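Asks: Predicted coordinates and the sequence they were generated for:
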Amino acid sequence: MGRSKALLPWREGTFLSTAIATLSIHTDLVIVVGGRTADEIRPVVYANGGFLAVNPAAERGQFSSLQVGVQEVLNRGRDAAVVTLVDRPPPRSETVGLLLQSFLDKLSQGSWAVVPEYGGRHGHPIVIGREMITTILEAPSTSNAREIEHAHQSQVAYIAVDDPLVAVNIDTPEEYAELINSLGPTVKQ
C-alpha cells in the first residue's frame, strides 16, 4: 500500500479507529497489537480508548502478534476474545454482536471459536475462547492462524453473515479505491 493500512480513511476515521469504536460497543476492553508501526498507531489507539501491546519480535510475523495479543487477553483476566486484523475495514456492529451471541450459543456445544462466512469465504473478526487461546499460545512461532483453525476444525463454528466486509482484504491502492467506490459516499477520504 505504501502506508499503514490500519490508518486508511474509513467512515468517520480510519480502519483502526473504526474497529476500536465498533469493538468497544460489544466488549469491555480493546487491545491492539502493534509491531513496526506501533509508534504510528499509538495516538489512534489511545485516542479511541484502546490499549496498545507492542510485539517485541514483530519480524517473526503476524502469528507472533496474535500470540502477544491473546497473552495480553489472559493477562488482563479475560478468557475469550474477538480477534480481527486492523488493516482491513471493520465489519458492521451488528455483525460483531451476532458473532458474540453465536459464540455463546456454540460454547455449550464444544466450539472453541466462531468464524464469520460471507459468500463462501471465511473472514474476520473471529471470536475465540480459552481453549483456542491456549492452543495459539502453545503453537510454534512458525505456525499461522489458518493452520490452527484447520487442525481444530471440529471445534470451529462457521456463521453465515450478511456483511461483505468480513471477507474484504485489500493489499493495493487500487483495491482500496475499488472498495471506496463500491460503498459510495459513506467513506471520507
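Replies: Thanks, I have the structure now. Numbers count the residues shown, from 1 in each chain.

Asks: rest of the way, CA atoms for contacts and neighbours
Replies: Fine.

Asks: and Pro90, that's in a strand?
Replies: No. Judged by DSSP: H, G, I helix; E, B strand; the rest coil, Pro90 forms no part of a strand; its state is coil.

Asks: Now do the contacts for the residue nearest the centre of the chain.
Replies: With distances taken as C-alpha atoms, centre = their mean, the residue of the chain nearest its centroid is Thr84 (0.3 Å). For Thr84, the contacting residues are 124-126, by C-alpha atoms under 8 Å, 6 or more residues apart in numbering.

Asks: Met1 too?
Replies: Taking C-alpha under 8 Å, 6+ apart as the criterion, Met1 is in contact with 171-173.

Asks: one step back: save the contacts of Thr84 as CSV, and put in pLDDT too.
Replies: Formatted as CSV, the contacts of Thr84 follow (pLDDT from 0 to 100):
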residue, pLDDT
His124, 95
Pro125, 97
Ile126, 97
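
Asks: Which residue ranges of this protein form helices?
Replies: According to DSSP state H, the chain carries its helices in the segments 15-26, 38-47, 62-75, 93-107, 130-138, 145-151, 173-183.

Asks: among the ones you listed, which is nearest Ala160?
Replies: Closest to Ala160 of these is helix 93-107 (C-alpha to C-alpha; 9.6 Å).

Asks: hmm, back to that, I'd like the contacts of Met1 as a markdown table, with distance to Val114 and pLDDT appended.
Replies: Below are those laid out as a markdown table (distance: C-alpha to C-alpha, whole Å; pLDDT from 0 to 100):
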| residue | distance to Val114 | pLDDT |
| --- | --- | --- |
| Asp171 | 25 | 89 |
| Thr172 | 28 | 90 |
| Pro173 | 31 | 91 |
